[in-house]
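1. 3D model of this:
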Amino acid sequence: MMYACMARQPIFDQDRSVFGYELLFRSGPENVFCGMDDNLATTALINDTMHVHDLPTLTDRRKCFINITKDILVQETYSFLPPELTVLELLETVEPDRELIQACQKAKSNGYTIALDDYMLEKKFECLLPVIDILKVEFLGLDDEQRAIAAAKSRTHGFQLLAEKVETHADFKQAQNLGYAFFQGFFFCRPEMIQERALPENEQSCMRLIEQLNQPEMNLDQLEEIIRQDLTLSYKLLKYLNSAAFGFRSKIESIKHAMVLLGDRQLRKWASVVALGSIAGRKPSELLVNSLVRARFCEQLADQLGLAARKGDLFMLGMFSILEALLDKPMKDLIAGMPLPEDIVATLTGESSPLSDILEIVLAFEQANWIRFGELVQSHQVEEKTICAAYSEAIVWATELNRQLSQPVPQAEAA
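-> Numbers count the residues shown, from 1 in each chain. So this is what the prediction gives:
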């Protein structure tokens, strides 16, 4: 029996804002997508997006890229998906012919966007270039000259280019300069200018707050002073704690009041989230979302892996795992002053620890590395179905939380 299990990967525009997400499917422990019939896999994914996941919520109402086969396109199985949100992504295994071209034209006339996946300058796809909207270029597999040839073809035929498997900022810049419109890959999770960057004052105050939050015995007076010194931070924390997410009966008027009501465990979690949100302001918003998804995902894995007592630690593990990219400094330097548990420090700095597999499960899922994900899940004897549901819930939770954290601070409040 198949069940819903899908990862999503962001697709960025030229400004590093999220244009959409590709949904990547895994049906169950026996499947790594190519290990089963592609038509069955795609049909299951379409069914999941209609009946298991809420597509607009899962993609935050952005474009959704879904791999499809020729049969799915010709038979119009995709028609249950909303055309304004859906990009039909033709697999590189399709054999172009007149029937396929006509099916593309019909889908386009019904409002769907057509993309061709994993393009490597193959001549057999030349007949498809005039009818597609987006060409996904296998950037990692082409040299500089070939990347430029693909750009020239986009000017000839009028489609937009998407550079996929963009793993470095240098590749991102090159694709930008060549006129590529969209970008997919994990370059946005990589730090830039990692050795020299000095932290601005507001980021220093946020890091001081995070360090203080992770002290074995928190000093509420010192915490309050740190938060009060950063007006934006204090405003966001009070606004968030007064939101419906907490449901306190009376309005929280002061930082100290919030600390007493929350207690140590919740204060560590929520104040760290708000501080990280303030740090992330100059970075692509997806970086913060990714951090929050990892945090929530790790937290939910605690019960599955017999670590319920360490939910708070695992939340921090997931959230801090992206700190290097947020602050453009080496992880070992960023956490040097934090009194974190030894196994958290080891995991974050790439050393082996009892928690290493937890972060690796999260990263394997995030990257849709289904082979490694299956190995890890099997070794820990946990149910894939539960983990898949936890990932989807983490996306919804992180998206809503980011929306709240991203609300601008009124000038009168932050002055």
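2. now the strands for the protein?
-> Taking DSSP state E, the strands of the chain run over residues 6-12, 18-25, 63-68, 86-90, 113-119, 134-138, 160-164, 182-184.
3. same for the last one, what does it pack against?
-> Put plainly, it is strand 182-184. strand 6-12, strand 160-164, helix 169-178 (3 or more CB pairs under 8 Å, 6 or more residues apart in numbering; DSSP states H and E). All C-beta atoms are positioned from the backbone trio N, CA, C, and that covers glycine.
4. cutoff 10 Å now
-> strand 6-12, strand 18-25, strand 63-68, strand 134-138, strand 160-164, helix 169-178 (3 or more CB pairs under 10 Å, 6 or more residues apart in numbering; DSSP states H and E).
5. likewise for the first one?
-> Judged by 3+ CB pairs under 10 Å, 6+ apart, the packing partners of strand 6-12 are strand 18-25, helix 38-51, strand 63-68, strand 160-164, strand 182-184, helix 285-304, helix 356-366, helix 384-405.
6. now do 8 Å
-> Applying 3+ CB pairs under 8 Å, 6+ apart, one finds that strand 6-12 contacts strand 18-25, strand 182-184, helix 285-304, helix 356-366, helix 384-405.
7. return the distance of the second one from the chain's centre.
-> Relative to the mean C-alpha coordinate of its chain, strand 182-184 is positioned 13 Å out (CA atoms, centre = their mean, to the nearest Å).
8. try the third one
-> Per CA atoms, centre = their mean, the displacement of helix 285-304 from the mean C-alpha position of its chain is 9 Å.
9. looking at this protein, which helix is longest?
-> helix 255-279 (DSSP state H).
10. pLDDT below threshold where in the stretch 51-200 of the chain?
-> For the stretch 51-200 of the chain, applying pLDDT under 70 flags the ranges 51-53, 193-198.
11. which residues does stretch 351-364 contact?
-> 294, 297-298, 301, 305, 307, 314, 317-318, 321, 342-344, 346-347, 369-370, 372-373, 376-377, 379-380, 387 (CB atoms under 8 Å, 6 or more residues apart in numbering).
12. can you do 6 Å?
-> With contact meaning CB atoms under 6 Å, 6 or more residues apart in numbering, stretch 351-364 is reached by 294, 297, 301, 343, 346-347, 372-373, 376.
13. mind checking how far that stretch is from the chain centre?
-> Stretch 351-364 sits 18 Å away from the centroid of its parent chain (CA atoms, centre = their mean).
14. with stretch 107-117 instead?
-> Mean-position distance between stretch 107-117 and its chain equals 25 Å (CA atoms, centre = their mean).
15. send the alpha carbons of it over as PDB?
-> Listed next in PDB are the C-alpha coordinates belonging to stretch 107-117 (Å, rounded to 0.1, in the frame of the first residue of the first chain):
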ATOM      1  CA  ALA A 107      -2.400  21.800 -21.300                       C
ATOM      2  CA  LYS A 108      -1.100  25.300 -22.000                       C
ATOM      3  CA  SER A 109      -4.400  26.400 -23.500                       C
ATOM      4  CA  ASN A 110      -6.000  25.300 -20.200                       C
ATOM      5  CA  GLY A 111      -3.700  27.500 -18.200                       C
ATOM      6  CA  TYR A 112      -1.000  25.100 -17.200                       C
ATOM      7  CA  THR A 113       2.700  25.900 -17.300                       C
ATOM      8  CA  ILE A 114       5.000  23.400 -19.100                       C
ATOM      9  CA  ALA A 115       8.600  22.700 -18.100                       C
ATOM     10  CA  LEU A 116      11.100  20.200 -19.500                       C
ATOM     11  CA  ASP A 117      13.300  18.600 -16.800                       C
END
